[in-house]
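K.L.:
Structure of the sequence below:
(4 chains)
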Protein chains: 2
Amino acid sequence: MKSAVEPLKARRIYLLLRDRIVTGELPPGARLPGEPALATEHAVSRVTVRRALDLLEKEGLVQRKPGSGTFVHDTRAVRPIVADLSNVLSHLIDMGRSTDVRLLSFGYVVPSEAIAASLGLQPGERVQRSVRVRLIDGEPFSYLTTHVPEWIGLTYSEAELAARPLLELIERSGVETDRATQAINATLAGPDAAAALDLEIGSPLLTLTRIVYEPSGRGVEHLHAQYRPDRYSFHMDLVRTGNDGERRWSPALGRPRSSDKSKTDKIKTEKSKSGEKPTRAARVIKQRS
Amino acid sequence: MKSAVEPLKARRIYLLLRDRIVTGELPPGARLPGEPALATEHAVSRVTVRRALDLLEKEGLVQRKPGSGTFVHDTRAVRPIVADLSNVLSHLIDMGRSTDVRLLSFGYVVPSEAIAASLGLQPGERVQRSVRVRLIDGEPFSYLTTHVPEWIGLTYSEAELAARPLLELIERSGVETDRATQAINATLAGPDAAAALDLEIGSPLLTLTRIVYEPSGRGVEHLHAQYRPDRYSFHMDLVRTGNDGERRWSPALGRPRSSDKSKTDKIKTEKSKSGEKPTRAARVIKQRS
DNA sequence: CAAACCTGTATTATGGATCATACAGGTTCC
DNA sequence: GGAACCTGTATGATCCATAATACAGGTTTG
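P.N.:
All right, here's what the predicted structure looks like:
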């Protein structure tokens, strides 16, 4: 019996340290354990620890000072974008931040059985499939794959999809949308999503799968979204609704009441180093929401 | 110049194929390229391809048929548990499935800065920290870390925490809880969570961070939950609420309309096949909700 | 200054991942 | 039946990640 394939130890340690940094367990400026300590702690050699630290340093997450130690880079305070339940980036628009959309793929295909079933299609019926990447201030944070029944997709062009929200185009075609279901989950980044989101393969991603229905019950849009957890997360306020013995929470509708001065609300608006990172030519169309 | 640490080739191919499957590019039932084809396509040896397929097979994503090919498994064996937004496993109770709780750790510590801030504590103030694992039908699916201010934690014992929901104990101490905030995100499994959830380090996890407040605004509970994405996911129904031009969704309150026969909370007390799966000695206390 | 840390660098040894190749046996299709 | 696929299995060679160890040089602290 061969032992199961297991990730490189260096990569494992890199991921663990990276997680402790981005989750705030190791706050900016903190000095992390010395290389010998990390080596014994994880039962690996010091060489392996160094390779993990090499990756963190290359990524700009830590800074090494010979003779002194390795420290969490402080200027890396990019707090994740916060979206409410309806997946609306209300804060962003208020703050004048720009979101761009890059259309990576566009075409008509025969969908997988699962997607066909969720949209209520006949076997063999085709759908329009598109892959888009959404960026905020030039940084990618979501990787969207959408499937729309062909008869709806044909009512708009590729250029229109790149420029306007998909749901708007669907409704423009005369379709009414009144309800949807969605599921939130987690997965690992595949090669395509990793490349689009500027991540390494195997990074964790937050996923959202949403199916939009028209009143008759037919599905009109299947959305599969993958988010960088360090740049995007779902947030909601809850209120107690259960009676007496029942302990239950329900989402508080309306605008989230930004909790007093909880530090999660501090969103840096300016990021002055604009223009340094020219986006690839390609198709980049500015789009609201 | 040392070459950068790069993931095992087998793992990379595993992730690549996995991505093509979950995104629907390779629909259930489809036969994926032969091992020699995959080997040349990715410029690796056939042995390496086989190791990638081994992982997919062990995960239940593909099925191999000697002489015929490797096929995407049609029926996802285990369907994840579905929880609604309030994190209530309503379905489970309906179905008479049992959830157990295992208390892994219990003690009083000085919390990290982030947790102290979220609970509104003074520097140096101590909290009660507990780590629990929740199981369904004997299989672990969530890893919970809770922090509670010391003055509340002292009102109940370790045994009580293992037997009763934490929120109930908090309220029993005289504290009122009326609102909470929570964030959903994704991360990678660390050593502790991986061991508790029977996963490999580096597996993706769905996380929920919830802070419960009393009316005065002080935090009374900090909950950090990590879920196995293959056994747990958040699900919600949405309805259109935006006016005219605004495309907006709001969570539909009330019971999810997924299963028509959603009876009111029938709580099955018995678990007929008891005694068959003897949980490890340790402390395992049955607990409702 | 000196002791005790730290990172940076180099060495050799070893085991595991990978490669290239070959063959056995089942399935598909003509 | 037979050709052309496929997966399953075995082999030995090679390469690379890792381990173990040692030493150099900077930083911190008393």
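
K.L.:
is it true that A:F141 lies in a strand?
P.N.:
Yes: under DSSP: H, G, I helix; E, B strand; the rest coil, A:F141 sits within a strand.

K.L.:
Verify the stated contact: it with A:L199.
P.N.:
No: using C-beta atoms under 8 Å, A:F141 and A:L199 do not qualify as a contacting pair, with a distance of 10.5 Å. For glycine as for every other residue, the C-beta is placed from the backbone atoms N, C-alpha and C.

K.L.:
between these two, which one's more packed in?
P.N.:
When neighbours are counted by other C-beta atoms under 10 Å in any protein chain shown, A:F141 and A:L199 differ, and A:F141 comes out ahead with 22 against 18.

K.L.:
Give me the pLDDT value at the more buried one.
P.N.:
A:F141 carries a pLDDT score of 94 in this model.

K.L.:
Could you report the separation of it from chain B?
P.N.:
Distance, A:F141 to chain B, using C-beta to the nearest C-beta, to the nearest Å: 13 Å.

K.L.:
residues touching that residue, list them.
P.N.:
A:F141 sits next to A:81, A:134-135, A:197, A:227-228, A:231-232 when contact means C-beta atoms under 8 Å, 6 or more residues apart in numbering or on different chains.

K.L.:
With A:L53 instead?
P.N.:
Neighbouring residues of A:L53 by C-beta under 8 Å, 6+ apart: A:14, A:17, A:35, A:62, A:64, A:70.

K.L.:
ok, now A:L161?
P.N.:
Residues in contact with A:L161, defined by C-beta under 8 Å, 6+ apart, are A:103, A:106, A:130, A:169.

K.L.:
change it to 6 Å
P.N.:
Neighbouring residues of A:L161 by C-beta atoms under 6 Å, 6 or more residues apart in numbering or on different chains: A:S130.

K.L.:
Distance-wise, check it relative to A:A252.
P.N.:
The gap separating A:L161 from A:A252 is 34 Å, by C-beta to C-beta, to the nearest Å.

K.L.:
before we move on, what about A:L26?
P.N.:
Distance of A:L26 to A:A252, computed by C-beta to C-beta: 32 Å.

K.L.:
who has more neighbours, these two?
P.N.:
A:L26 (21 against 16).

K.L.:
Skipping its backbone neighbours, what lies nearest the more buried one in space?
P.N.:
A:R20 (4.8 Å; C-beta to C-beta, 6 or more residues apart in numbering or on different chains).

K.L.:
What about the one you found, how many residues nearby?
P.N.:
For A:R20, the neighbour count with other C-beta under 10 Å is 15.

K.L.:
Could you do A:A183 as well?
P.N.:
15.

K.L.:
cool, and A:T177?
P.N.:
17.

K.L.:
That one belongs to a helix?
P.N.:
No: read with three-state DSSP, A:T177 is coil and lies in no helix.

K.L.:
All the helices of chain A, residue numbers only.
P.N.:
For chain A, the helices defined by DSSP state H occupy A:9-22, A:35-41, A:46-58, A:90-94, A:113-119, A:150-153, A:158-163, A:166-172, A:191-196.

K.L.:
Can you lay out these as CSV showing mean pLDDT?
P.N.:
Listed next are the helices of chain A as CSV, based on pLDDT from 0 to 100:
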stretch, mean pLDDT
helix A:9-22, 84
helix A:35-41, 91
helix A:46-58, 92
helix A:90-94, 55
helix A:113-119, 85
helix A:150-153, 95
helix A:158-163, 92
helix A:166-172, 92
helix A:191-196, 86
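
K.L.:
between those helices, which one is nearest to B:R31?
P.N.:
helix A:113-119 (14.1 Å; C-beta to C-beta).

K.L.:
and the closest one, what does it pack onto?
P.N.:
strand A:219-227 (3 or more C-beta pairs under 6 Å, 6 or more residues apart in numbering or on different chains; DSSP states H and E).

K.L.:
Can you tell me which helices and strands the strand it packs on packs against?
P.N.:
Under the contact definition 3+ C-beta pairs under 6 Å, 6+ apart, strand A:219-227 sits against helix A:113-119, strand A:139-149, strand A:204-213.

K.L.:
measure stretch A:190-202 end to end?
P.N.:
7 Å (C-alpha to C-alpha, to the nearest Å).

K.L.:
What residues of it count as buried?
P.N.:
A:190, A:192-197, A:199-202 (16 or more other C-beta atoms under 10 Å in any protein chain shown).

K.L.:
what's the farthest-apart pair in the residues you listed?
P.N.:
A:A196 and A:G202 (14.9 Å).

K.L.:
Tell me how far stretch A:202-211 lies from the chain's centre.
P.N.:
In this view, stretch A:202-211 has its centroid 7 Å away from the chain centroid, taken as C-alpha atoms, centre = their mean, to the nearest Å.

K.L.:
what does stretch A:230-240 give?
P.N.:
Remark: stretch A:230-240 is offset 14 Å from the chain centroid, using C-alpha atoms, centre = their mean.

K.L.:
Only the buried residues of it, if you could.
P.N.:
Here stretch A:230-240 shows A:230-238, A:240 as buried, counting by 16+ other C-beta under 10 Å.

K.L.:
just to revisit the earlier point, now the helices and strands packed on strand A:219-227 in TSV, with distance to A:R248?
P.N.:
Formatted as TSV, the helices and strands packed on strand A:219-227 follow (distance: least, C-beta to C-beta, whole Å):
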stretch	distance to A:R248
helix A:113-119	29
strand A:139-149	31
strand A:204-213	24
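
K.L.:
coming back round to it: mark which of the buried residues of stretch A:230-240 are part of strands, please.
P.N.:
Counting by DSSP state E, the part of the buried residues of stretch A:230-240 found in strands is A:232-238, A:240.

K.L.:
Looking at chain A, which residue is nearest chain B?
P.N.:
Proximity of chain A to chain B (C-beta to the nearest C-beta) peaks at A:G190, 2.4 Å away.

K.L.:
what separates the closest residue to that residue other than its chain neighbours from A:Q226, distance-wise?
P.N.:
Leaving out its chain neighbours, the residue that sits closest to A:G190 by C-beta to C-beta, 6+ apart is B:D19, at 2.4 Å. According to C-beta to C-beta, B:D19 stands 10 Å off from A:Q226.

K.L.:
who's more crowded, those two?
P.N.:
Legend: neighbour count by other C-beta under 10 Å for B:D19 and A:Q226, higher for A:Q226 (30 against 21).

K.L.:
Quick one: residues contacting the more buried one.
P.N.:
By C-beta under 6 Å, 6+ apart, the residues touching A:Q226 are A:143, A:193, A:205, A:207.

K.L.:
Please apply the same query to A:A194.
P.N.:
A:I201.

K.L.:
And it, how far from A:I201?
P.N.:
Taking C-beta to C-beta, one finds A:A194 at 5 Å from A:I201.

K.L.:
what residues does the stretch 51-200 of chain A put near DNA strand C?
P.N.:
For the stretch 51-200 of chain A, the residues in contact with DNA strand C (C-beta under 7 Å from any atom of the strand) are A:53, A:64-70.

K.L.:
ok so, going back, quick check on the contacts of A:L53: which are buried?
P.N.:
The neighbour count (16+ other C-beta under 10 Å) marks A:14, A:17, A:35, A:62, A:70 as buried among the contacts of A:L53.

K.L.:
Was I right to think the third one contacts A:R46?
P.N.:
It refers to A:E35. Yes: taking C-beta atoms under 6 Å as the definition, A:E35 is a contact partner of A:R46 at 5.2 Å.

K.L.:
that older thread, any chance of the buried residues of stretch A:230-240 in CSV, plus distance to A:G124?
P.N.:
Below are the buried residues of stretch A:230-240 laid out as CSV (distance: C-beta to C-beta, whole Å):
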residue, distance to A:G124
A:D230, 41
A:R231, 39
A:Y232, 36
A:S233, 39
A:F234, 36
A:H235, 41
A:M236, 40
A:D237, 45
A:L238, 45
A:R240, 50
